[in-house]
Structure formats: C-alpha cells, structure tokens
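Peer 1: Could you look at this predicted model? Sequence included:
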Amino acid sequence: MTDKTTTPEKALARIKDNSTLMIGGFGAPGTPFTLIRELIKQSPARLTLIKNDANEEGMGISLLFEAGCADTFMVSHMGLNNRVITMMNEGKIHVQMFPQGIMAEKIRAGGAGIPAFLTDIGMGTILQEKRQTVSYAGGDYILEPALRADFALIHAAEADTFGNLKFSKTARNFNPLMAMAADTVIVEAFDIREQGSLDPDSIHLPGAFVDHVIRVDRRENDYQVMKHHAL
Amino acid sequence: MHYKDKIAARAATELESGQIVNLGIGLPTLILEHLPQDTDIFVHSENGILGMGKRCRAKEADPMLIDSGGGYIFSRTGASFFDSALSFSLVRGGRLDVAVLGTLEVAGNGDLANWIIPGKFAPGIGGGMELAKKARKLIVTTTHCTRKGAPKIIPECTLPVTARGCVDMIITELAVLDIIDERLHLRELAREADLDDVLEKTGVEVVVPHGDIAVF
C-alpha cells in the first residue's frame, strides 16, 4: 500500500526561494492554515503566490506577505485585507488580478494540459489592454494562458494514505483545481484514513494528483468560526 | 423602511419561482431576507454553492460554509457544493437566470462600472465581470445618486467598465428603470418620489410612460 503521509517539515523543505505556489481556499474555508504557518518557519524568499483572495490580516496567506516571504501575487479579490492592498499600492508586492472564474479556468487548463483558451470576459475593459486578443469564428477574444505552479498547498476534510481527497462544503473552491496544476502537491487534512476506507464514489479528487498528506488539528484557532463574519 | 430594504424588497419581486440567481455582496444580499419562506428560487454563490440560505449566528455557523462575501450562511434543502471552475461554468455557460449587483456607475446604454476607482479603490475583480456579462438578466441595485449627490446613472461611464451593455434593469430608492435597446425607460416611481426630481437626478434622458406611472 502506498503511504504518502509525512510531516510538514519534510514536505515543505522542498519549497525553495523563488518558487511559485498555488494556495487553496476562498476566504478561510479551504485555506491550508497549518501548512502556511509551517512554511513561514522556513523563511522562504521571493515566492510567487496564487490564491483567490488574500485572507485577512494576520491570517493565512496574509502572514506570508506580512513576513516578507513573497513578492508577487496572482489573485482575484482581496477586499477583506487592507494590509495587502496597501502593500500593493506602496509597490512592495507586484499584483496581477483576474476575473474569478477565469482564474479558476486558467488553473483548470494548467492541470488539464491545455496551454491556453479563448474568452470574451474582459473584452471592452481595461483587462484587454495588456492581453493578446484573437479573432475566432467571427468573434474577438482574449487569449488566456494556462497557469501552473511548482507547488500547491491544499486543504481537505478527509484523505486516505494514497491521497484520495474529500472536501467539505464551500472549502472545496480552488483546492481540487490547484491540486491538478502543480508539480508537487502537499495536502493537509483533518482526518487521514487507511487506503480503501473511503467510498470510491464519494472521492472528490483521486490520489494520483497528490504527493504528500499531512494530518492537521481541526481544533486550531485558524479553523474556528470568526465571530465578525457571523450575525 | 430603510432605503436599502426598500430596494431589496422591490428587487425580490423581480425573481421568479424556479430561477437560479446570484446576489452580489452588500445590498443585493439583503434580497434573501425578502424572499418567501417556501421559495424555490435557488441562490448561487461564487465560492461554490447553489442553494444558499440566510446568514447565521456564530453558534449556528459551520466554519466551512460561507457566502462569497465571507459571511456564515445556512444551506437550504436541495443545495449542492462544487469547485470554482464549475461554479463559473454555471455562470458563463448560461445557466444563471438573474444576477443582482451593486454599482459605482451605470451608463444609459447599459454599461456597468463597479470594480475599480483607479488610485483609490482596487480590491480586485472577483466574479463581477462574469456575472455582469453572462447572467441572462442583470439587475443593478443602487442608491440613485452618490453620497455627494451626483447622479450614478450617466451618459457614459467615467470609471473603467466591468462589462458593456449588460444592465437590463436599475432599481434605486426612487425608481425602477429598464434599459431597452440602449435607452432608459421609467417603469415605476417610489411612492415618496417626485417625477421631476427623479429626472433631474438621472444623468441621462429617460423615456417616461404616458398616463399613470406605477408606484412601489
């Protein structure tokens, strides 16, 4: 039986300066908080980070920017993080923004071996200015290159030792897409079971895409309800 | 009634049984509170849920269940969860019946500008461009004027647009307006609003119906 379980230290030691990382999550759900905290201990430099959003100040991916570990950010929306917006405005980090579903599709394409695709999203807007456009079948489109990364940091609810994954509710988001689009995929999961103990029909991502699996504690603060987002 | 609730209540009446709808962050989210308890309207949120319910309190919240604005929510009977690529396939593939979004500016021809004020406000694009361009019907809910009293409905957007020619209907605290063939038509007037005042606060020519104007 294949056993991909390991410690965060061993798995994350593979991440070198200048690496490109995809990090799962849409807001807090699906953000691999424990992997991020462990990565910061290694003090990596000049990382390029790819994530839907910037989490919030003092949480998740924001900590990597606050610690000066990353200088480039590919993102869709960071409305809940004024700290990172300020870093962008002050020129401390270079930010590239994408429409959310186009970002997801760029990552999906990267994982599916498709080098680029055509879309009309962004045509007639300032997004068109810096992008290659293509005429095809009577329409004009932006050519969107696929996106891949050296590493993906993924959060799952359940894994087996082979790396088959199940996600929970809105914590799925970019996680399965990013796990398909990176050379090395490191997964944190609340529960890790023996290979064969997950129902094959209930698996959201097959273990072929996963290199390392690490058990994390769901009782950690990062995974709790944030009162300021509740009524 | 607070003007936001007035707008949300009016917008809720535009949604029809069986529709798949997306409610943007902020005022459009309030529409949920005005849908009937037994509604079979399914609300989509970009972060991967079809069938979102109302916001919930901390003790009721599941840390893995939020809407795209970050608020904890309930899910309703018949809800489903999916990844972000699928979430936007639903939008771009034409399965979204209605999107309701807020705005900074709307042009009389239906151009929408709601994502960036260069140099001042640039939190990101999010799902707005795709929702605006691909929803079968786009309703904009907004105050009629800016905080400084300037019209938000103007001949041409001064801010970078989100999508062009995409707005079908505008609902403000003063009026309901349709955009048909790049022209603005007054459909309803708020009970407390005055027609001349509304026309003055609208930066584009408005086609006014003959006879009585419906009120809301």
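Peer 2: Done, it's in. Numbering: from 1, shown residues only, chains lettered A, B, ... in the order given.

Peer 1: And the residue of chain A closest to chain B?
Peer 2: In chain A, the residue that lies nearest chain B is A:G101 (2.4 Å; C-beta to the nearest C-beta). Any C-beta I mention is one placed from the backbone N, CA and C, and that applies to glycine too.

Peer 1: which SSE is the closest residue to that residue other than its chain neighbours in?
Peer 2: Setting aside the residues directly before and after it, A:G101 is nearest to B:F88 in space (C-beta to C-beta, 6 or more residues apart in numbering or on different chains), at 2.4 Å. When elements are assigned from DSSP states H and E, B:F88 belongs to helix B:84-92.

Peer 1: Over to residue 97: give its phi and psi.
Peer 2: No chain was given, so I picked chain A. phi -110, psi 140 (degrees, to the nearest 10).

Peer 1: From what I see, it and B:G128 are in contact.
Peer 2: No. The pair A:M97 / B:G128 is not scored as a contact, 11.5 Å apart, by C-beta atoms under 8 Å.

Peer 1: Comparing these two, which residue is more hemmed in?
Peer 2: B:G128 (25 against 21; other C-beta atoms under 10 Å in any protein chain shown).

Peer 1: and the gap between that one and chain A?
Peer 2: As defined by C-beta to the nearest C-beta, to the nearest Å, B:G128 lies at a distance of 8 Å from chain A.

Peer 1: Now do the contacts for that residue.
Peer 2: Applying C-beta atoms under 8 Å, 6 or more residues apart in numbering or on different chains to B:G128 gives the contacts A:P99, B:G24, B:L101, B:N114, B:W115, B:T162.

Peer 1: Turn those into a markdown table, columns for distance to B:R57 and pLDDT.
Peer 2: As requested, the contacts of B:G128 are exported to a markdown table (distance: C-beta to C-beta, whole Å; pLDDT from 0 to 100):
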| residue | distance to B:R57 | pLDDT |
| --- | --- | --- |
| A:P99 | 33 | 98 |
| B:G24 | 23 | 93 |
| B:L101 | 27 | 98 |
| B:N114 | 30 | 95 |
| B:W115 | 31 | 95 |
| B:T162 | 33 | 97 |
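
Peer 1: quick one: average confidence on the lengthiest strand in chain B?
Peer 2: As assigned by DSSP state E, the longest strand anywhere in chain B is strand B:73-81. Averaging pLDDT along strand B:73-81 gives 96.

Peer 1: what's that strand packed up against?
Peer 2: Contact here means 3 or more C-beta pairs under 8 Å, 6 or more residues apart in numbering or on different chains; DSSP states H and E; on that basis strand B:73-81 packs against strand B:42-45, strand B:49-55.

Peer 1: how about 7 Å then?
Peer 2: strand B:49-55 (3 or more C-beta pairs under 7 Å, 6 or more residues apart in numbering or on different chains; DSSP states H and E).
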